[in-house]
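> Kindly generate the corresponding structure for this input.
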Amino acid sequence: MAKGDPDAGKEKSLVCSACHGQDGNSINPDWPSLAGQHEKYLIQSITSYKNQTRKNAIMYPLAMSLSDQDIEDLAAFYHTQKAISLTYNEDLAKEGESIYRGGTKNGVAACIACHGPNGKGNPGAGYPVLAGQHASYTVIALKEYANGNREAGINNMMQSIAPRMTDKEMTAVAEYIQALGR
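Residues are numbered from 1 along each chain as shown. Got it, this is the predicted structure:
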């Protein structure tokens with residue numbers, strides 16, 4: 001594949017902006033913000049929608065119309081955008097920080113292992129940036145992993161982690177992720 005062109009991606013992102021915002025910062029907390037996300041992760045995600053290994057009734061028809069170059073251009077554009085900081089509940093975020101950094105007693109691995117101490121992910125491994133993501137969207141994603149409606153990349157790690165989390169733990173760690181900012 002050719003390298004993505006952020007300028008071309010900006011032009012192609014007009015359709016995406018209805019849900020993900022003009023600069024990749026979604027105003028709907030149930031939809032993901034894409035600003036600042038790693039290109040590799042965005043390419044994997046959009047391609048997964050396109051080939052239907054990641055199910056979503058809205059994303060599938062949109063992704064189907066994209067060429068490989070379109071996907072790379074969009075990923076390059078969103079990667080160059082700056083994520084905005086969101087407000088958060090300090091007490092809930094503090095509770096979530098202990099899970100993010102240390103896991104839980106019932107075998108939930110610490111998020112920090114894959115997503116890094118500041119939630120910046122690991123671009124080489126394809127682990128996404130979590131920092132600053134809407135808490136509501138993060139909870140939705142965790143529940144999709146837990147109930148098997150969403151697959152993760154490497155070894156489907158999230159499908160083994162999320163089912164062990166309580167709703168309260170999901171909510172707390174999601175609030176901490178939102179608090180991390182980007």
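
> Domain ranges for this structure, per the record?
If you go by automatic domain parsing, the domain ranges for the chain are 6-80, 90-180.

> how much space between the residue nearest to C16 when sequence neighbours are not counted and N106?
Computed as C-beta to C-beta, 6 or more residues apart in numbering, the closest residue to C16 that is not its neighbour in sequence is L74, at 6.9 Å. Glycine gets a C-beta too; all of them are placed from N, C-alpha and C. According to C-beta to C-beta, to the nearest Å, L74 stands 38 Å off from N106.

> And the contacts of stretch 84-104?
With contact meaning C-beta atoms under 8 Å, 6 or more residues apart in numbering, stretch 84-104 is reached by 25, 33, 35, 108-112, 117, 119, 132, 134-135, 164-165, 169, 171-179, 181-182.

> coming back round to it: can you tell me the element the residue nearest to C16 falls in?
helix 68-80 (DSSP states H and E).

> Go through that helix and flag the buried ones.
By 16 or more other C-beta atoms under 10 Å, the buried positions in helix 68-80 come out as Q69, D70, I71, E72, D73, L74, A75, A76, F77, Y78, H79, T80.

> quick one: the helices in the chain?
6-12, 17-20, 39-50, 59-64, 68-80, 90-102, 112-115, 135-146, 157-161, 167-180 (DSSP state H).

> Buried residues of the lowest-mean-pLDDT helix or strand in the chain, list them for me.
Every helix and strand in the chain was compared by mean pLDDT, DSSP states H and E; the lowest is helix 157-161, with a mean of 89. If you call a residue buried by 16+ other C-beta under 10 Å, then helix 157-161 has these buried ones: M158, Q159, I161.

> Show me how far it is from its chain's centre.
In terms of C-alpha atoms, centre = their mean, to the nearest Å, the centre of helix 157-161 is set 15 Å apart from its chain centre.

> most remote residue from this structure's center?
Centroid-distance maximum for the chain: K105 at 25.2 Å, with C-alpha atoms, centre = their mean.

> picking that back up, got a markdown table for the buried residues of helix 157-161, with distance to A18 too?
Supplementary listing: the buried residues of helix 157-161 in a markdown table, determined by distance: C-beta to C-beta, whole Å:
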| residue | distance to A18 |
| --- | --- |
| M158 | 27 |
| Q159 | 30 |
| I161 | 32 |
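
> need the contact list for L42.
L42 touches L34, I71, L74, A75, Y78, H79, counting by C-beta under 8 Å, 6+ apart.
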